[in-house]
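Novice: kindly return the folded structure for what I paste below:
(4 chains)
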Protein chains: 2
Amino acid sequence: MAIPSQKHDVFQAIADPTRRHLLQLLGDQEMPVTVISGHFPMSRTAVSKHLRILAEAGLVKERKVGRETRYRLEAEPLMELKRWLSYYERYWENKLNVLKRFVEQDDDAAELTFTPLEVVDPEK
Amino acid sequence: MAIPSQKHDVFQAIADPTRRHLLQLLGDQEMPVTVISGHFPMSRTAVSKHLRILAEAGLVKERKVGRETRYRLEAEPLMELKRWLSYYERYWENKLNVLKRFVEQDDDAAELTFTPLEVVDPEK
DNA sequence: ATTATATGAAACCATTTGGTTTCGTGTCAA
DNA sequence: TTGACACGAAACCAAATGGTTTCATATAAT
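Specialist: Presented below is the predicted three-dimensional model:
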């Protein structure tokens, strides 16, 4: 699967609250643009542009049915986000460990243990 | 923990590649601004502004040491992202299930099974 | 054939964003 | 005390963003 060097990436796509709302809405069912835009306090055209950005990020697929265009969620690209996130999980897990140690009054651990795991690039 | 109604949220903060790079850099160690900005092809002031945005999202903490300001990663706010993401996991898991079924040539499943789980708001 | 509906494209606009340079201030070093 | 260093604030700028309205086109319905 070659990356199509899209203009908008997943991180940018989900940055906007309206677009996150769109994803939520389209999770449940495929919908044509007019119906979708009925859920938002803005013009149909504006919603349409948000849908385009989501489509460019691969988060949404469109299908032409007669004179309407129906959109549906495509969650797969969110895996990239999950992967990115997983890199940072150890940091807050470490934080929780520190807290746990504190609560347990483990006094002989004077300095905080820091788990230096493998050095990875969270972007790839 | 009351939400301090910050101007920049986590979704916005991580949308920018430079800021994601900053998080990566600051994961390993606390660093003063000048050292940090040495890793980026832009002015110290520009980096400083990115750091401010990250700080507003709670993703970074600053500490004054003499004449320098040192920054370090604070991963905890990423949990919000994880929570948001987890809502969508079932969608791509479902996708994988469909694929698996296809590979297994399970012909008597003519229509795709769609698991309608609980309706939750991924934003909260 | 004509009219109504669904949509995208285009032009436009205000605000935000990501960057710059310049300047002021606090702190360390000689 | 006099520089030099570390930094943020401010003013500024071009481009991107999120929205609008208007127009053109394809399809459906009468």
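
Novice: how deep is the residue lying closest to A:A13 once chain neighbours are set aside tucked in, by neighbour count?
Specialist: Distances taken as Cβ to Cβ, 6 or more residues apart in numbering or on different chains place A:A57 nearest to A:A13, at 3.7 Å, with adjacent residues excluded. All C-beta atoms are positioned from the backbone trio N, CA, C, and that covers glycine. Neighbours of A:A57 under the rule other Cβ atoms under 10 Å in any protein chain shown: 22.

Novice: need the contact list for A:A57.
Specialist: Neighbouring residues of A:A57 by Cβ atoms under 8 Å, 6 or more residues apart in numbering or on different chains: A:Q6, A:H8, A:D9, A:V10, A:Q12, A:A13, A:P77.

Novice: check what pLDDT the residue of chain A found nearest DNA strand D gets.
Specialist: Distance from DNA strand D to each residue of chain A (Cβ to the nearest atom of the strand) is smallest for A:G66, at 2.5 Å. We have a pLDDT of 96 for A:G66.

Novice: for A:K61, same thing?
Specialist: pLDDT, A:K61: 97.

Novice: in what helix or strand does it lie?
Specialist: For A:K61, the enclosing helix or strand under DSSP states H and E is strand A:60-65.

Novice: send me that strand as CSV with only the CA atoms.
Specialist: Written as CSV, here are the backbone C-alpha positions of strand A:60-65 (Å, rounded to 0.1, in the frame of the first residue of the first chain):
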residue,chain,number,x,y,z
VAL,A,60,-14.3,8.8,4.9
LYS,A,61,-15.4,7.1,1.7
GLU,A,62,-17.9,8.5,-0.8
ARG,A,63,-20.2,6.6,-3.0
LYS,A,64,-22.4,8.1,-5.7
VAL,A,65,-26.0,6.9,-5.6
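
Novice: tell me what A:Y71 is bridged to.
Specialist: For A:Y71, the beta-bridge partners under DSSP bridges are A:M31, A:E62.

Novice: correct me, but it touches A:K64?
Specialist: No: judged on Cβ atoms under 8 Å, A:Y71 makes no contact with A:K64 at a distance of 10.8 Å.
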